[in-house]
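K.L.:
Starting from these lines, generate the structure:
(2 chains)
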2 protein chains.
Amino acid sequence: MKEQLRVGILGLGVVGSGSVKVLAEQQAKIKEQTGVEVSIVKALIRPGEDKEAFAKEFQLTLTTELSEIVEDPSLDAVIELIGKIHPAKEFITAALENGKHVVTANKDLMAQHGVELVEIAKANNVSLFYEASVAGGIPILRTLTANYLADEITNIRGIVNGTTNYMLTKMLEDGTSYEEALAQAQELGFAESDPTNDVDGIDAAYKMVILTQFAYGMDVALIDLEIQGIRGLSDQDVAQAQAFGYEIKLIGESVKTAGTVNVSVGPVLVPQTHALASIKNEYNGVFINSTGIGQSMFYGPGAGSLPTATSVISDLVAIAKNERLGISAPQFNEYRRPQALTPDEQVIASYYLAVTGIGQEDLQTILQNETVTAKEVVDTNGRIVVLTAPINRLQLAAVEEAVANKGTLERRMRVMEA
Amino acid sequence: MKEQLRVGILGLGVVGSGSVKVLAEQQAKIKEQTGVEVSIVKALIRPGEDKEAFAKEFQLTLTTELSEIVEDPSLDAVIELIGKIHPAKEFITAALENGKHVVTANKDLMAQHGVELVEIAKANNVSLFYEASVAGGIPILRTLTANYLADEITNIRGIVNGTTNYMLTKMLEDGTSYEEALAQAQELGFAESDPTNDVDGIDAAYKMVILTQFAYGMDVALIDLEIQGIRGLSDQDVAQAQAFGYEIKLIGESVKTAGTVNVSVGPVLVPQTHALASIKNEYNGVFINSTGIGQSMFYGPGAGSLPTATSVISDLVAIAKNERLGISAPQFNEYRRPQALTPDEQVIASYYLAVTGIGQEDLQTILQNETVTAKEVVDTNGRIVVLTAPINRLQLAAVEEAVANKGTLERRMRVMEA
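P.N.:
A predicted model of the protein is given here:
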């Protein structure tokens, strides 16, 4: 029975220093409830970084050498908060191979190389936990493994990118333009100076890869997903969707149909009465349909120093409990199924299509040729918006091609059923 | 390492038979992920109850003798789904004393005798789990223990009674009267034929007792709570609250202030923009404020056969994992703090007061005497509604007394800050 867990941390940025602070505040409570004294004792910083005062306050040894952390035999676990793929992947690998448990918030890395890293963790009999990688402060991954094992998830939908949800809220509520909304998000520090990963849906896609693994036990790669962003979304579309009774949200969706999954990220028309429409500003929400529980949703901050740090420390607490109980290191998610993707003809949805450069009659002919029913058609000075009845991906592709031959498809979005 | 978990079940009503079905459906998945084959093999029914066909389908042995379950050495765990205090308490005690783990959905019992039963479980080195006792399908209790240990909760607010939330939704959205809404809830099977526990807030109070234990480690009794229901709520108040920008919800609230807690249940004016206002119909929601994560919310079905059964089976899975790992039986919630209730003068809130039989001038005098500021005053044919600025409980009590001396206080509700 271990009564101490000594931890090294890679990176003392906002989440890193937040993690040190959260642990310092909760250390006594954690010790009382787990019987283990968890402490962060060493930190890797970049050469030239000035963290002396912080290190003194929290009794940290600072180093610029990775080996001084991953090869330190007195350390039991390592927190990785450097982000991106390299050198984070090499650092985590080195820590695991040196028999350290690892906690990371790195969604890019876990989405792209998670399978490989989990294998390395297993081979070295240590745990690799990454609760903070999806929806920052929402404890969604541990909840999926602990509470949905006796259930069968059929659909998991998430607002998992705070930047774009903030932008869409401003566009909807204040009539802000896309460009202004992006500038505001950057000013508030939600969006990076290069917001590509946020607005093009890549960040959300990483999270959906991880959620799909936890919900269905299936590994999918980014290339298996259909990914659309909200770049250049027009005020017109926001207003038109609203007139139809919907709010536009950037939704990641992972749907199980007859043992196969379809994972997508894109702007979606969410009914104004749906719980996901109530997720505002930089908040995240994950909505689950399952055969047992039915409909459930988890809501909270998707990012931020303290929420993310709290998830990181929760992972440390889980490791401390396992060490205390002398349990051979469990992996975060033991659910495994072979990958099976839903064929295009079985991926069914209704769509919002905004078309220009094409007459209403020609558009109707195109839809009829592909047996697509239009439930709504609105023509505003030659910009035609159509809401379709449910169609499959092959029909959609045929319509898109035919439209592109005669005019321009300005925006295509899925429509969520009420 | 145990590879089998044999379970007896007390009661084969809707949740009991639902639990048998959910387990049958998920048995293979549970075995694959935990390494343990969990099976319900024996059921206690009432004399004369006809469950032969059901028992045959699911290979259950039926009995009308408690001892045949609790004294059966081949059984590892017992599920209690009889409900109410007696004889459920005696049955659970007998099971624990015979070394069986126990899973129950019994909120009345756990709220009133939980401390005693947990002690019996500890003394017999078995687990007592009761996830389904609060907010049926929402995995809130395990989430609180697993994910908020590294955080500090300051406020936990819940819509934890589905019947009253259904009624309030109908009253707000369809203009249904209180009596009609109650009749509808009874027709749909949400409300019992005697709806006292629902409409008077008792059921919600039981759940807040349990949530307070999990959030702060503090045992409180029903007598420590201020409990108000929604009995006889008038259409006028629903409409007036709406005009002020609020929806009336039956909210259980457990607030921590300087190490002390205040727990209450009552109709509350929730700002229309607050996430709790989006919880409609029979759904439940638990909203948490904490120093680390910030604001988070868990939403799902509060009752119903399948959601509740899924929570029951989740508890069995947790027991199976512990048995498999050879862990000495953990208790559900290891967090313990001595009880400390917030003194009345430190319980601060704004209130909605509806008064009749008293003139506006007299009412203003009463408020001034207690230094209570009115933010809104609306006089509709002599029925005066006041929204106060924040005041403490002593001021409130003094106003209530003074009003009662001259007229009638028809309705008093807390107002939630935006």
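K.L.:
quick one: the strands in the stretch 51-200 of chain A?
P.N.:
Assigned strands in the stretch 51-200 of chain A, in chain order: A:61-63, A:77-80, A:101-104, A:128-129, A:153-159 (criterion: DSSP state E, counting those that start in this stretch).
K.L.:
Minimum distance to B:Thr164: which of those has it?
P.N.:
strand A:153-159 (28.4 Å; Cβ to Cβ). C-beta coordinates here come from the backbone N, C-alpha and C atoms, glycine included.
K.L.:
Quick check: neighbours of the closest one in the sheet, parallel or antiparallel?
P.N.:
Strand A:153-159 has the following sheet partners, assigned by DSSP bridges: strand A:246-257 (antiparallel), strand A:283-290 (antiparallel).
K.L.:
Contacts (any at all) between chain B and stretch A:24-38?
P.N.:
Yes. Using Cβ under 8 Å from any Cβ of the partner chain, we find that stretch A:24-38 touches chain B at A:Glu25, A:Gln26, A:Lys29, A:Ile30, A:Gln33, A:Thr34.
K.L.:
By neighbour count, which of those residues wins?
P.N.:
Neighbour counts for the residues of stretch A:24-38 next to chain B (other Cβ atoms under 10 Å in any protein chain shown) peak at A:Ile30, which has 24 neighbours.
K.L.:
follow-up on the earlier one: so can I have a markdown table of the strands paired with strand A:153-159 showing distance to A:Val347, mean pLDDT and mean neighbour count?
P.N.:
Listed next are the strands paired with strand A:153-159 as a markdown table, based on distance: least, Cβ to Cβ, whole Å; pLDDT from 0 to 100; neighbours: other Cβ atoms under 10 Å in any protein chain shown:
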| stretch | distance to A:Val347 | mean pLDDT | mean neighbour count |
| --- | --- | --- | --- |
| strand A:246-257 | 8 | 98 | 24 |
| strand A:283-290 | 16 | 98 | 24 |
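K.L.:
what kind of secondary structure is the residue of chain A positioned farthest from its centre in?
P.N.:
Relative to the centre of chain A, the most outlying C-alpha is that of A:Glu361, 41.4 Å out, by Cα atoms, centre = their mean. Using DSSP: H, G, I helix; E, B strand; the rest coil, the three-state assignment for A:Glu361 comes out as helix.
K.L.:
Next one: it from A:Lys375, what distance?
P.N.:
The spacing between A:Glu361 and A:Lys375, counted by Cβ to Cβ, to the nearest Å, is 18 Å.
K.L.:
hey, where'd the helices end up in the stretch 251-400 of chain A?
P.N.:
Ranges of helices in the stretch 251-400 of chain A, per DSSP state H, counting those that start in this stretch, are A:305-325, A:360-369, A:393-406.
K.L.:
Could you work out which of the ones you listed reaches nearest to B:Leu222?
P.N.:
Across these, closest to B:Leu222 is helix A:305-325 (Cβ to Cβ), at 32.0 Å.
K.L.:
Please state the offset of stretch A:30-47 from the chain centre?
P.N.:
In terms of Cα atoms, centre = their mean, to the nearest Å, the centre of stretch A:30-47 is set 27 Å apart from its chain centre.
K.L.:
Just the mean pLDDT for it, thanks.
P.N.:
Across stretch A:30-47, pLDDT averages out at 95.
K.L.:
Give me the domain ranges for chain A.
P.N.:
Domains of chain A are assigned by automatic domain parsing as A:4-136+A:305-325, A:140-301, A:344-415.
K.L.:
right, and those - which one's nearest B:Leu269?
P.N.:
When the domains of chain A are compared (using Cβ to Cβ), the closest one is domain A:140-301, at 17.9 Å.
K.L.:
Kindly check the end-to-end length of the closest one for me.
P.N.:
End-to-end span of domain A:140-301 (Cα to Cα, to the nearest Å): 12 Å.
K.L.:
How about stretch A:365-384?
P.N.:
When the termini of stretch A:365-384 are compared using Cα to Cα, they are 14 Å apart.
K.L.:
What residues does the residue most central in space within chain A make contact with?
P.N.:
The residue lying closest to the centre of chain A (Cα atoms, centre = their mean) is A:Lys207, at 2.7 Å. For A:Lys207, the contact set (Cβ atoms under 8 Å, 6 or more residues apart in numbering or on different chains) comprises A:Lys107, A:Ala111, A:Ser133, A:Val134, A:Ala135, A:Gly158, A:Val160, A:Asn161, A:Gly252.
K.L.:
Closest to chain B out of the residues you listed?
P.N.:
A:Ala135 (10.0 Å; Cβ to the nearest Cβ).
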